[in-house]
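Colleague: With the input below, show me the fold.
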Amino acid sequence: MSTLPDPAPETAAAPAAPSAPAAKPGSEWLHYAVRNPKLLIGFSLVVVLFATGLAGPLLLDNGNPNEYVGPQASAPDGTYWMGTTTFGQDVYAQFVHGLRATFLVGVVGGAIAAVIAMLVGFLAGYRGGITDEILNMLTNVVLVIPALAVLLIINAYMGVRSVAVQGLFIGLTSWPWAARAIRAQTFSLRTREFVDLARLSGSGTWRIVFREIAPNMSSYLFMMFILLFGGSILIASSLDFIGLGPTEGVSLGLMLQSAQQWSALQLGMWWWFIPPGAGITAIVGALYVANVGLDEVFNPKLRES
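Modeller: From the prediction side, this is the model:
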């Protein structure tokens with residue numbers, strides 16, 4: 001009787017080598033952010049100016065920047081680092097207080113505009129239909145209204161104006177372009193599979209928007225806020241320069257307006273108008289440089305090799 005040959009022993013499959021864990025988006029962004037010179041330079045300058053505006057007024061002996069404290073039209077020296085105005089006001093005291101007011105109007109105006117833009121853009125882009133048509137019509141109406149002219153009229157008829165009120169009106173008139181951009185991004189995301197799954201699970205509109213769509217636009221929303229922040233500062237400085245700024249306190253734009261009104265350029269008092277002008281330029285310029293750096297960090301196609 002013939003015997004069957006023993007079956008060949010089965011060869012155990014070698015275990016697959018574990019694949020390297022995929023880098024999280026946050027760690028990847030941080031990796032490129034700390035190596036991007038535009039982002040580092042821009043944000044470093046903004047942080048330095050913000051710290052100066054925050055801590056500078058606390059280090060002054062006199063809390064009123066408009067008080068007459070020194071000799072009139074004095075050039076910078078060891079006592080008055082940035083000199084004095086025609087009336088003997090300390091330019092350095094006005095500068096640090098002006099930095100604080102400038103950052104405040106940027107934050108208030110940018111935040112209000114960003115909130116309105118997100119509410120309108122997300123709702124119009126996700127719901128579509130009649131909701132989109134109504135909100136898009138509202139956006140177009142506000143977009144074609146000359147915002148600066150409206151702000152001029154409002155500020156001219158207000159008796160008492162503060163930095164916060166100025167930022168409020170700037171925010172209420174500068175959101176349309178951001179809302180249109182968010183609407184377009186939401187249109188492209190609302191048909192993705194993860195949004196369909198959330199919709200099938202019974203999630204409501206705002207839950208889907210803020211838990212599914214908004215996190216995928218976080219980098220875009222952050223960059224949008226930076227642009228709104230810088231734009232609010234420029235609009236506020238323009239209003240200040242033509243005499244429609246806050247009636248209380250001091251800002252960098254009001255310093256420029258006072259220097260122009262009292263002929264600082266003709267009198268050769270460069271220390272009166274150069275610091276506020278340089279401060280506004282540095283803040284807005286640093287924000288835009290940082291925004292370019294953020295675009296390179298978030299967009300792999302723009303990253304430098």
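Colleague: Quick one: the helices in the chain, in order.
Modeller: Shown for the chain, the helices assigned by DSSP state H span residues 25-33, 37-55, 91-127, 129-144, 147-157, 163-173, 176-189, 193-200, 205-208, 218-241, 252-261, 270-298.
Colleague: list the helices and strands the fourth one packs on?
Modeller: What it means is helix 129-144. Other elements packing on helix 129-144 under the criterion 3 or more C-beta pairs under 8 Å, 6 or more residues apart in numbering; DSSP states H and E are helix 91-127, helix 176-189. The way it works is simple: take the backbone N, C-alpha and C, and place the C-beta from them, glycine included.
Colleague: Of those, flag the one that's most buried.
Modeller: Sort those by mean neighbour count, taking mean count of other C-beta atoms under 10 Å, and helix 91-127 sits at the top with a mean of 23.
Colleague: same question for that one, mean pLDDT?
Modeller: Helix 91-127 carries an average pLDDT of 94.
Colleague: again, but for stretch 182-190
Modeller: Averaging pLDDT residue by residue across stretch 182-190 gives 91.
Colleague: picking up where we left off before, so which of the helices and strands packed on helix 129-144 gets nearest Phe241?
Modeller: If you check each of these against Phe241 by C-beta to C-beta, helix 91-127 wins as the nearest, at 12.6 Å.
Colleague: For the most centrally placed residue in the chain, give me the pLDDT.
Modeller: With distances taken as C-alpha atoms, centre = their mean, the chain has Ile226 as the residue nearest its mean C-alpha position (2.3 Å). According to the predicted model, the pLDDT of Ile226 comes to 94.
Colleague: ok, and the closest non-adjacent residue to it?
Modeller: Taking C-beta to C-beta, 6 or more residues apart in numbering, and ignoring the residues beside it in sequence, Ile226 has Asn291 as its nearest neighbour in space, at 4.8 Å.
Colleague: ditto for Ile154
Modeller: For Ile154, the nearest residue in space outside its immediate sequence neighbours is Phe169; the separation is 5.6 Å by C-beta to C-beta, 6+ apart.
Colleague: What's the separation between the one you found and Ala55?
Modeller: When distances are taken as C-beta to C-beta, to the nearest Å, Phe169 and Ala55 turn out to be 29 Å apart.
Colleague: More neighbours: which of those two?
Modeller: Regarding Phe169 and Ala55, a neighbour count based on other C-beta atoms under 10 Å identifies Phe169 as having more, with 22 against 11.
Colleague: Identify the residues contacting that one.
Modeller: Phe169 sits next to 151, 154-155 when contact means C-beta atoms under 8 Å, 6 or more residues apart in numbering.
Colleague: backbone phi and psi for the closest residue to Gln72 other than its chain neighbours, please?
Modeller: Taking C-beta to C-beta, 6+ apart as the measure, Gln72 lies nearest to Gly88, with 4.7 Å between them; neighbours along the chain are not counted. Main-chain torsions, Gly88, degrees, to the nearest 10: phi 90, psi 20.
Colleague: Tell me if I'm right that Gly88 and Tyr68 touch.
Modeller: Yes: taking contacts as C-beta atoms under 8 Å, Gly88 lies within contact range of Tyr68: 4.3 Å.
Colleague: quick one on the thing from earlier: looking at the helices and strands packed on helix 129-144, spot the one closest to Gly231.
Modeller: Evaluated over the helices and strands packed on helix 129-144, closeness to Gly231 peaks at helix 91-127, with 7.6 Å, by C-beta to C-beta.
Colleague: Select from the helices of the chain the stretch with the lowest mean pLDDT.
Modeller: The weakest mean pLDDT among the helices of the chain belongs to helix 25-33, with a mean of 72.
Colleague: Just the buried positions in it, please.
Modeller: For helix 25-33, the neighbour count (16 or more other C-beta atoms under 10 Å) marks 32-33 as buried.
Colleague: quick check: angle from it to helix 37-55?
Modeller: Regarding helix 25-33 and helix 37-55, their directions subtend 90 degrees when assessed with axes from the mean of the first three to the mean of the last three C-alpha atoms, to 10 degrees.
Colleague: Report all helices and strands that helix 25-33 contacts.
Modeller: Applying 3+ C-beta pairs under 8 Å, 6+ apart, one finds that helix 25-33 contacts helix 270-298.
Colleague: Enumerate the positions of the helix it packs on that are buried.
Modeller: For helix 270-298, the buried set under the neighbour-count rule, 16+ other C-beta under 10 Å, comprises 271-273, 275-276, 279-280, 283-284, 286-287, 289-291, 293-298.
Colleague: With that, I have no additional questions.
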